[in-house]
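Participant: any chance you can model this:
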Amino acid sequence: RMTEVGVNVDVNWFEPFLSSFSSQTGFNGDDGSYVILTWVGDGTGVILVLSTISSPLDSYLTGGSSRLYRSTDYGKSFHDISHRINHTFIKEEFGVSVGPGHSVILTADTAVVDNPGGIIFTSTDAGATFKFIQLPFHLAQPITYHFFNPDYLVALSIDGGLWLSLDFGAKWTKVHDGVNPFPYLFHLIFFYVQLVYAFTLLFLVEAEERGDLVLKRTKDLGKTFTVIHEDIFSFGYIGAFLFFSVMEDPIPTLSNTFFGTMYTSDDRGILFSKSLERHLFAGHRKSDFTNITSLRGVYLTNKLDVDGRIRSVISFNRGGTWRQLKKPENVNCADNAGRCNLHIHGEHSRNNNIVPMLALSEPTAIGLVIAHGTVGDSLSSSQHPDVFVSSDGGYNWRGTLRGPHHYSILDSGGLIVAVEAHHEGQVKTIKFSTDEGRCWKSYNFTEQPFFFAGLASEPGTKAMNVSVWGFRPEEDGQPMWVAVTIDFQSLITRKCKKKDYEEWLAHSTDKGDSERNGCVLGMKETYRRLKKQSVCRNGRNFVVTKNQSPCACTREDYLWYATFFIIS
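Facilitator: Numbers count the residues shown, from 1 in each chain. I've put the predicted structure just below:
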């Protein structure tokens, strides 16, 4: 159990500040309605709220429709803009998709009309205007945006066709058939090659003879294709680095549990090495693999050991070597625990409704990682999951909140917010921390609690505004949906100065000045980051700065690279 949590509910001097800068809006809902809230753009102040229903056919027959609302003042006021999409039914599942810049795509539910293809509405101005587009196919999953160019889109049709658009959805071209329909199994990736970015599309197709899956890529917009590997179970990407897993036999005693061998690539996606055996998978071909984006070269995942137990492992050198996580400094282990380590809940746990969120990290919040986990010999599904935080990219951890929570990183890591996850209860409190989870304060953001539906903030993690939304049952039986937006900038008004920051050597494992300390894959990196005791605002202009210096590679580095093989 944790010996210290640090949640302070008695000190409420901050409530008048937050109350003055909190906005609450109600949205009348029909029976069976569901509300989706999303922020659009960084610094725009735009929030879109979609009120829709799971089964549109009944409402269609009675004249109902989806409702779309838009705020341009950080949630202080909302305007009904349903007419801009012709009062069309929008899907509850992947109905709203926000891309880079100010781009938005709404996917219509065409179950109520006889259409040869799907319908989308696209916007390039954060929802101020929308363009109607009739698709030549029906979508099987959300449209995928290009990382940097929102005009480039890729989509998967329900019949396995892979479609590409280079003009933000106006025109579409089919580039491949037989693409696997499992969710989120194709991506747009930029590989850094000779100082230029090359467009690369990765996807899975079903082999004609064997029925297994083949990972392919194209670098010329679908004109030619290259097979990367066969017998693939799952794959993903980390910036320019690709990983994939080859499936072994499923475990009949565990529900939706598989394991396989994971391979990782170099920064060109050409050379691959065996990285981890007995890598754990969940249902829908998703793995527990997590890239810790707050520190270079750190990967976190789970493996299914030969004794049938799930254990977490972490790599600090891009999958070259793996180790178990350290026991958190403020958590005591049971007396009968054979081994005592921290184990992190991944996609397998979320798929089984054990935790509401996966591990969270952000590139602007250097070293910060937030995750659900348990402490002991292995990952426990019966033990209550708690929230743990690392400030050094996963080397050391501490327990911070008891029980499952929804959490978000604001102000480039200068602020963390969390809302307790209740399966049946209602919420009215948000917790926040300005020292990376060492101490928490609680703020009641509403007098009337409601059933929690979501927690969202502006993209980019530089903002200090966060929205909480959910619904209250009304006396007439209809739900009243509520969205509350809280501006923490009203509380943390002082802008950070030079004295509030410190120089921090990443991957440093000792306090000495040894030549090898902090050296990972031939490079040392020193970051300028906020001191834990500094209560100030990084602001939107905050930029992560670091100094890099080369260092000598070790035998371990050379052994890892020597195991690569070439994929032509």
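
Participant: which other residues reach stretch 325-339?
Facilitator: Residues from elsewhere that reach stretch 325-339, judged by Cβ atoms under 8 Å, 6 or more residues apart in numbering: 1-4, 312-314, 324, 340-344, 375-377, 388, 394-399. Bear in mind the C-beta positions are built from the backbone N, C-alpha and C, glycine included.

Participant: which of these are buried?
Facilitator: Buried members of the contacts of stretch 325-339, counted by 16 or more other Cβ atoms under 10 Å: 2, 312-314, 340-344, 375-377, 388, 394-399.

Participant: could you look up the SS state of Lys499?
Facilitator: Per DSSP: H, G, I helix; E, B strand; the rest coil, the secondary structure class of Lys499 is helix.

Participant: burial of it, as a residue count?
Facilitator: Lys499 has 9 neighbours, counted by other Cβ atoms under 10 Å.

Participant: measure it to Trp39 for me?
Facilitator: Going from Lys499 to Trp39 by Cβ to Cβ, to the nearest Å gives 32 Å.

Participant: need the pLDDT of Phe471.
Facilitator: Looking at Phe471, its pLDDT is 91.

Participant: show me where this structure has its helices.
Facilitator: For the chain, the helices defined by DSSP state H cover 15-20, 56-61, 347-351, 555-562.

Participant: and those helices, which one's lowest on average pLDDT?
Facilitator: Of all those, mean pLDDT reaches its minimum on helix 56-61 (a mean of 50).

Participant: buried sites along stretch 531-542?
Facilitator: By neighbour count with 16+ other Cβ under 10 Å, stretch 531-542 contains the buried residues 534-538, 542.

Participant: tell me the two of the residues you listed that are most distant?
Facilitator: Farthest-apart pair in those is Val535 and Phe542; separation 15.3 Å (Cβ to Cβ).

Participant: and for the spatially closest residue to Ile310 that is not a sequence neighbour, the neighbour number?
Facilitator: In this structure, Ile310 finds its nearest non-sequential neighbour in Leu379, 4.3 Å apart by Cβ to Cβ, 6 or more residues apart in numbering. Leu379 has 26 neighbours, counted by other Cβ under 10 Å.

Participant: who's in contact with Leu379?
Facilitator: Going by Cβ under 8 Å, 6+ apart, Leu379 touches 302, 309-312, 343-345, 349, 373.

Participant: can you rerun that using 7 Å?
Facilitator: Neighbouring residues of Leu379 by Cβ atoms under 7 Å, 6 or more residues apart in numbering: 302, 310-312, 343, 345.

Participant: what do you get for Met357?
Facilitator: 372, 406-407.

Participant: in this structure, what helix or strand scores lowest on average pLDDT?
Facilitator: Within the chain, no helix or strand scores below strand 187-193, which has a mean of 36 by mean pLDDT, DSSP states H and E.

Participant: for the stretch 401-550 of the chain, which spans come out with low pLDDT?
Facilitator: Residues of the stretch 401-550 of the chain meeting the criterion pLDDT under 70: 476-477, 511-513.

Participant: quick one: the strands in it?
Facilitator: Taking DSSP state E, counting those that start in this stretch as the test, the strands found in the stretch 401-550 of the chain are 405-410, 415-420, 429-433, 440-444, 451-457, 465-473, 479-487, 501-505, 523-530, 545-550.

Participant: tell me which of those is the most buried.
Facilitator: Greatest average neighbour count among the strands of the stretch 401-550 of the chain goes to strand 415-420 (a mean of 24), per mean count of other Cβ atoms under 10 Å.

Participant: quick one: work out the angle between it and strand 451-457.
Facilitator: Following axes from the mean of the first three to the mean of the last three Cα atoms, to 10 degrees, one obtains 170 degrees for the angle between strand 415-420 and strand 451-457.

Participant: contacts for strand 415-420, please.
Facilitator: The contact list for strand 415-420, computed with Cβ under 7 Å, 6+ apart, reads 370, 401, 403, 405-410, 427, 430-434, 436-437, 452, 455, 464, 466, 468, 488, 492.

Participant: mind running it again at 6 Å?
Facilitator: Contact with strand 415-420 is made by 405-409, 427, 430-434, 437, 455, 466, 488, as judged by Cβ atoms under 6 Å, 6 or more residues apart in numbering.

Participant: stretch 90-99 too?
Facilitator: 34, 36, 38, 40, 50, 52, 54, 66, 104-109, 142, 145, 150.

Participant: Thr526 is in contact with Gln548, isn't it?
Facilitator: No: checked against Cβ atoms under 6 Å, the pair Thr526 and Gln548 is beyond contact range at 8.0 Å.

Participant: ok, and the closest non-adjacent residue to the residue nearest the centre of the chain?
Facilitator: When Cα atoms, centre = their mean is applied to the chain, the residue found nearest the centroid is Leu360 (6.7 Å). The spatially closest residue to Leu360, leaving aside those adjacent along the chain, is Ile370, at 4.7 Å (Cβ to Cβ, 6+ apart).

Participant: show me what contacts Lys462?
Facilitator: So Lys462 contacts 412, 540 (Cβ under 6 Å, 6+ apart).

Participant: how near is it to Glu362?
Facilitator: The gap separating Lys462 from Glu362 is 10 Å, by Cβ to Cβ.
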